[in-house]
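A.B. asks: what follows is a predicted structure for the sequence shown.
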There are 2 protein chains.
Amino acid sequence: MNTASTNAISEITRNIEPPSRVAHQRAQAHLDSLTKPLGSLGRLEDLAAQIASILGDRLTLPLRKGVYIFAADHGITAEGVSAYPREVTHQMVLNFLSHGAAVNVLANLHHAQLTVIDAGVDADFHNAPGLLHRKIARGTRNMLHEDAMTDADLARALTVGAELADIAASSGQTLIAIGEMGIGNTTSASAITCALTGASPALATGKGTGIDTSAHARKISIVQSILTARFGTTPTQPSPLEILRCVGGFEIAAIVGMVLAAARHKLVILADGFISTAAIALAAAIAPSARAYIIAGHQSEEPGHKLILDHLKLTPVLALNMRLGEASGAVLAMPILESAIALCLQMATFSSAGVSGASR
Amino acid sequence: MNTASTNAISEITRNIEPPSRVAHQRAQAHLDSLTKPLGSLGRLEDLAAQIASILGDRLTLPLRKGVYIFAADHGITAEGVSAYPREVTHQMVLNFLSHGAAVNVLANLHHAQLTVIDAGVDADFHNAPGLLHRKIARGTRNMLHEDAMTDADLARALTVGAELADIAASSGQTLIAIGEMGIGNTTSASAITCALTGASPALATGKGTGIDTSAHARKISIVQSILTARFGTTPTQPSPLEILRCVGGFEIAAIVGMVLAAARHKLVILADGFISTAAIALAAAIAPSARAYIIAGHQSEEPGHKLILDHLKLTPVLALNMRLGEASGAVLAMPILESAIALCLQMATFSSAGVSGASR
């Protein structure tokens, strides 16, 4: 049976093509001709070849880079899962708009254009300038007691994200970093990770923004209860879309929509931390061909992040013990990606520089 | 007994002071007031506090960054330890001067000023413009058969490096990345690592620029023979200066001199790969107070690099499977360091942004 969300997904995922294998091979052959021992740039060579395979003729320096922060509130905060009060989602969105947050500093330093989207914050922003007003509802429902969202709201959130990818592509951006802000959303990410990978809540649930040991034990037990309540009576593995609807968030659903549409537009997609990557894992479960467009920006301190990166077979570019979200780790990886591209585009070859090759 | 090299070291290492503990504490307290969960920027917070403690009032953005590549040849290449012919040292210096090498691309992208120094290349550069001509000799002697250099040449090489730190400091640079170019110099770095840490040649010797398995086994055996020949009859642990003289290289000795003088000038010192870090380990063994000025830019693929980083208790900023040298990994870490500083200097505080703190 077609629902609003499956219809939205069919529309968004039509014609996702793989990156160019020819462009990949051409980039690798060129890298092998540069004045350095074969393979000695390590991961930078893989990254350059992947980006070349995605962008083809659109590969230029600097990359045209966008950063997208989707914000939303979560009904599960009623259960006391976070170290911070729910109002902080609203307050941090205002902080993004006044350029005071970590991601503002990093996006400015690395010349990436930041877009902040209200996908479902429990506050009225009164047409605040600089904010994209795409509120689905004032937070999800409490997923311990009912499905986080309706199918219609899921469809709307997916479309919000997909439309942003359309705008990014039409404005000429070639790389997008996707982050989030939402008090309580590591609980969603943990539930998604368990439902998608079969991991236990004890392994997939971390301390989020910094709860203490007893609150952590309680959070693990809440994630277990959520899984039992939402999927316990389901005889089969729930579909990625059903996982998203039952235990996701509006910002997570919008990210899923943006990732799928960005793959259709052949954009490089830079994953951030646990929540962003959990959303990307759902997108890749819905459309496996999207996977080749993803680069993992960093390894977060949240234990579930490693589970979900392993599930996606992604190796993060950075590992700096960060656990902030809001795309901070993804934006931090941007200069590394641009370095990889610069090396590929600008180094001399052995023949042009008159340097002798290896004797064996 | 005072020798030329001990006299040079006494001169270079006079008045190395520790970084400012007060500036470190002030930076950490400020980081704790910013709009992010406590400690959630991970390593970036440590890096920002360390740099603040070193630079004090000189902390600005962008950092004024220098990159120094010391080049020299090695007598040990007669034993066939490298995949590349000895002439490649000369050729790669010319490649640096014509802006074709990896470090040129990275230094240009990240706005660092590159200086290339001939500390002992076996070629005549005919006053090539853009090169600092500080040749000690046309390569070291073959350390399998005799000490790599005389005490007088060691003293000269140390002084060459120290003078570059003086110039860097007087020109206003606050961060220096130090790299090298020298066919055969991973063999020196392996011998240094073994002599300094007690590691076995099998653990400390890698494949350098890319030798095959049988050449690797031969290289391990050569490192063992070098250690026996140079230090086998010494009843006590050789001093760091004696290790440097017997199994070092002119570029390695110049790096030791630069690191020690840079610590005296309170510069941030960014280590590169195996050879650069082995030189830094010798400097830290000579003057332990220099250690606090070092940041490890990256973890190279050379197995000895991990040994020497562990010996120095340094955690690298990046780990991207690179094994190129020429300061490439150090320069790549620069945007991460500048990101750390930008966050520390430019983010809003909880009170300025009106964001609620953690409830527990």
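C.D. replies: The structure has been received and is ready for your questions. Here the structure is a predicted model, which is why all the values come from computation and not from measurement.
A.B. asks: from now on I want contacts and neighbour counts done on CA atoms only, so please keep to that.
C.D. replies: Fine.
A.B. asks: show me where the stretch 251-360 of chain A has strands.
C.D. replies: In the stretch 251-360 of chain A, the strands defined using DSSP state E, counting those that start in this stretch lie at A:268-271, A:294-296.
A.B. asks: out of these, which gets nearest to chain B?
C.D. replies: Chain B lies closest to strand A:294-296 among those, at 13.1 Å (C-alpha to the nearest C-alpha).
A.B. asks: what does the closest one rub up against?
C.D. replies: The contact list for strand A:294-296, computed with C-alpha atoms under 8 Å, 6 or more residues apart in numbering or on different chains, reads A:Val268, A:Ile269, A:Leu270, A:Ala271, A:Asp272, A:Thr277, A:Leu309, A:Leu314, A:Thr315, A:Pro316, A:Val317, A:Ala330.
A.B. asks: the first one contacts A:Ser53, doesn't it?
C.D. replies: No: if you go by C-alpha atoms under 8 Å, A:Val268 and A:Ser53 don't touch, sitting 9.8 Å apart.
A.B. asks: which phi and psi does the closest residue to A:Gln25 other than its chain neighbours have?
C.D. replies: Among residues not flanking A:Gln25 along the chain, A:Ala49 sits closest, at 7.6 Å (C-alpha to C-alpha, 6 or more residues apart in numbering or on different chains). Backbone torsions of A:Ala49, given as degrees, to the nearest 10, read phi -70, psi -40.
A.B. asks: determine whether any part of whichever strand or helix holds A:Thr115 lies close to chain B.
C.D. replies: Taking DSSP states H and E as the definition, A:Thr115 sits inside strand A:113-120. No: using C-alpha under 8 Å from any C-alpha of the partner chain, strand A:113-120 never reaches chain B; the gap is at least 15.4 Å.
A.B. asks: mind listing what that strand pairs with, with the direction of each?
C.D. replies: Sheet pairing of strand A:113-120 (DSSP bridges) gives strand A:65-72 (parallel), strand A:131-133 (parallel).
A.B. asks: pLDDT on that strand, on average?
C.D. replies: Averaging pLDDT along strand A:113-120 gives 98.
A.B. asks: one more: stretch A:49-67?
C.D. replies: If you average the pLDDT over stretch A:49-67, you get 96.
A.B. asks: show me the contact partners of that stretch.
C.D. replies: A:19-25, A:27-28, A:107, A:111-115, A:168, A:172-179, A:266-268, A:293, A:327, A:331, A:338, A:341-342.
A.B. asks: show me the helices in the stretch 201-350 of chain A, by range?
C.D. replies: Secondary structure of the stretch 201-350 of chain A (DSSP state H, counting those that start in this stretch): helices at A:201-204, A:213-231, A:240-247, A:250-264, A:274-286, A:303-312, A:328-346, A:350-353.
A.B. asks: by contact count, what packs against the first one?
C.D. replies: The reference is to helix A:201-204. Helix A:201-204 is packed against helix A:185-197, helix A:213-231, helix A:303-312, with contacts defined by 3 or more C-alpha pairs under 8 Å, 6 or more residues apart in numbering or on different chains; DSSP states H and E.
A.B. asks: residues of the first one that come out buried?
C.D. replies: Along helix A:185-197, the positions that meet the burial threshold by neighbour count (16 or more other C-alpha atoms under 10 Å in any protein chain shown) are A:Asn185, A:Thr186, A:Thr187, A:Ser188, A:Ala189, A:Ser190, A:Ala191, A:Ile192, A:Thr193, A:Cys194, A:Ala195, A:Leu196.
A.B. asks: would CSV of these with distance to B:Gly75 and pLDDT be doable?
C.D. replies: As requested, these are exported to CSV (distance: C-alpha to C-alpha, whole Å; pLDDT from 0 to 100):
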residue, distance to B:Gly75, pLDDT
A:Asn185, 61, 97
A:Thr186, 58, 96
A:Thr187, 61, 97
A:Ser188, 62, 98
A:Ala189, 58, 98
A:Ser190, 58, 98
A:Ala191, 61, 98
A:Ile192, 60, 98
A:Thr193, 57, 98
A:Cys194, 59, 97
A:Ala195, 61, 97
A:Leu196, 59, 97
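A.B. asks: tell me the contacts of A:Lys135?
C.D. replies: A:Lys135 makes contact with A:Asp118, A:Ala119, A:Gly120, A:Val121, according to C-alpha under 8 Å, 6+ apart.
A.B. asks: if we can go back for a sec, got a winner among the contacts of strand A:294-296 for most neighbours?
C.D. replies: When these are compared by neighbour count (other C-alpha atoms under 10 Å in any protein chain shown), A:Asp272 ends up highest, at 33 neighbours.
A.B. asks: look up how far B:Gly357 lies from that one.
C.D. replies: 23 Å (C-alpha to C-alpha, to the nearest Å).
A.B. asks: for A:Pro303, same thing?
C.D. replies: Counting by C-alpha to C-alpha, the gap from A:Pro303 to B:Gly357 is 24 Å.
A.B. asks: quote the end-to-end distance of stretch A:119-130.
C.D. replies: From its first residue to its last, stretch A:119-130 covers 14 Å (C-alpha to C-alpha).
A.B. asks: what do you get for stretch A:81-91?
C.D. replies: Per C-alpha to C-alpha, stretch A:81-91 runs 18 Å from first to last residue.
A.B. asks: so which bits of the stretch 1-150 of chain A are right by chain B?
C.D. replies: Within the stretch 1-150 of chain A, the residues that sit near chain B (C-alpha under 8 Å from any C-alpha) are A:35-38, A:40-44, A:83-85, A:87-88, A:91-92, A:95, A:99-102, A:105-106, A:109.
A.B. asks: return the subset of those lying in strands.
C.D. replies: Under the assignment DSSP state E, the residues of the stretch 1-150 of chain A next to chain B contribute nothing to strands.
A.B. asks: can you tell me which of the residues you listed are buried?
C.D. replies: A:35-38, A:40-44, A:83-85, A:87-88, A:91-92, A:95, A:99-102, A:105-106, A:109.
A.B. asks: next, see if stretch A:257-274 gets close to chain B.
C.D. replies: No: Stretch A:257-274 stays clear of chain B (C-alpha under 8 Å from any C-alpha), getting no nearer than 11.8 Å.
A.B. asks: buried ones in that stretch?
C.D. replies: Applying 16+ other C-alpha under 10 Å to stretch A:257-274 flags A:257-274 as buried.
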